[in-house]
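I would like to see how this sequence folds:
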Amino acid sequence: MAKPKLEVRSGQYAGKLPRDTFRLRFMRRFYDPAFKVEADALDRLEAIAWDAYENGRKAPVTVKAGADYADPDYDMSVEWKEAHDRLARAALVQRDPQTRSRVLVVNGAARNDGTCPGEVSKTWRLSEIVRDELESASVQADMLDLSRLTSEYQYLIHPCKGCVSTAMPLCHWPCSCYPNHSLAQDNDAMNDIYEQWMAAHGVILLAPTYWYQSPSVLKLMIDRLVCADGGNPDPTTTSGKDARKAKQIEMDGWPFPKHLAGRAYGVVVHGDVAGIEGQRRALCDWLEWMGLVDAGASSKLDRYIGYYKPYATSHAELDEDSALQEEVRNVAKAMVLCLPRLRAGEWPAVDQGLPSPRPK
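Numbers count the residues shown, from 1 in each chain. Just a heads-up that it's a prediction; the model follows:
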């Protein structure tokens, strides 16, 4: 069978913005009348930002990649290299058998009392139960509260740009799409989040159900973790984002490295009237696709809180549901029981070394 011709399809992108539209969007960030006293300074800053945009200065500060990369002379983003090196250090510590067991607890709800809802989320309360249970068993619990995306100044997860759908080697580990300073796509939280995942021996995800699915704050993180499943740790091989080179590398044979494989996971999903089972299955399927293994039957939970009851009394419903609280504790307890065996290579669900006939 003849190999398909490698093409890079184009024609969708509408091109760069005209100057007046760019200026309008730039100045919109300074809508508050208090900025008017700095109008001249803003004009100067806008001119600099326009020049960066027009000339595509995505990574304005670079360093030579060095001997550890396929192309040592490649001008590599300093920010990407720092993130890559942090992940490498975290991986060494994580693999050290003397390291204290560590679990990343992810609160996947968008609500907190520091923004419009004015109240904590039930998911946060459940994540506190998990953290307390882990810490009581001398397991380090690192909290990742994704509701910070809705309440914290310039704490962002930018959307995945879908590089993997062009070719897997174009998707770098960690993600090199951000920051993109020419587009003001900065303050991206994912490099810190990648490090938290890399440092963990286990991960427990907790999430409410929004319209049958995961909240957008959680989905943003999920999409950006695609680079952990087959991502390219050497962006010099693709000269940055050269799509044609990436396609050729993939066709020549790509190993699809699973950078987070072998960690344990637990999942807690809750809702009010529908959709919890579908979301729980989707989260578990995603984690297992990345090579994580469940911490046992008790580590996967979906439950309703205040089924068809008013939203206004949902926290009171949680107060009364002591059985649910105990089930959530059991998710953490399952993780505690799993980790020693997992780290010793004794957990039954650990990869058995069977080659995949469909690597992707």
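
Leaving out chain neighbours, which residue sits closest to residue 333?
residue 133 (6.3 Å; Cβ to Cβ, 6 or more residues apart in numbering). C-beta: built from backbone N, CA, C; applies to glycine.

Show me what counts as buried in the strand or helix carrying that neighbour.
Residue 133 belongs to helix 122-136 when assigned by DSSP states H and E. For helix 122-136, the neighbour count (16 or more other Cβ atoms under 10 Å) marks 122, 123, 124, 125, 126, 127, 128, 129, 130, 131, 133, 134 as buried.

Give me the most central residue, the chain.
residue 221 (3.1 Å; Cα atoms, centre = their mean).

right, and the helix or strand after whichever strand or helix holds it?
Element membership for residue 221, per DSSP H and E: helix 216-224. Moving toward the C-terminus from helix 216-224, the next helix or strand (DSSP H and E) is helix 243-252.

Of all the residues in stretch 234-241, which ones are buried?
Quick answer for stretch 234-241 (16+ other Cβ under 10 Å): 234, 235, 236, 237, 238, 240, 241.

now swap in stretch 327-342 and tell me
So for stretch 327-342, counting by 16+ other Cβ under 10 Å, buried means 327-336, 338-339, 342.

Give me the average confidence score over it.
Across stretch 327-342, pLDDT averages out at 97.

who touches residue 236 in this structure?
Contact analysis of residue 236 by Cβ atoms under 8 Å, 6 or more residues apart in numbering lists 65, 69, 70, 71, 72, 74, 76.

Select from the residues you listed every entry located in strands.
Assigned to strands by DSSP state E, the following of the contacts of residue 236 qualify: residue 76.

Which of the contacts of residue 236 are buried? Put it as a ChimeraX command.
Provided next is the ChimeraX selection string for whichever of these are buried by 16+ other Cβ under 10 Å:
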select :65,69,71,74,76
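
so which two of the contacts of residue 236 are the farthest from each other?
70 and 76 (11.5 Å; Cβ to Cβ).

relative orientation of the helix holding residue 133 and helix 216-224 in degrees?
60 degrees (axes from the mean of the first three to the mean of the last three Cα atoms, to 10 degrees).

Distance-wise, check residue 290 relative to residue 56.
Separation of residue 290 from residue 56 (Cβ to Cβ, to the nearest Å): 32 Å.

Among these two, which residue is more densely surrounded?
residue 290 (21 against 12; other Cβ atoms under 10 Å).

these two touch, right, that one and residue 225?
Yes. Between residue 290 and residue 225 there is a contact under Cβ atoms under 8 Å: 7.3 Å.

overlap in contacts of these two?
With Cβ under 8 Å, 6+ apart, residue 290 and residue 225 have common neighbours residue 260.

Check the burial of residue 291 by counting its neighbours.
With other Cβ under 10 Å as criterion, residue 291 counts 17.
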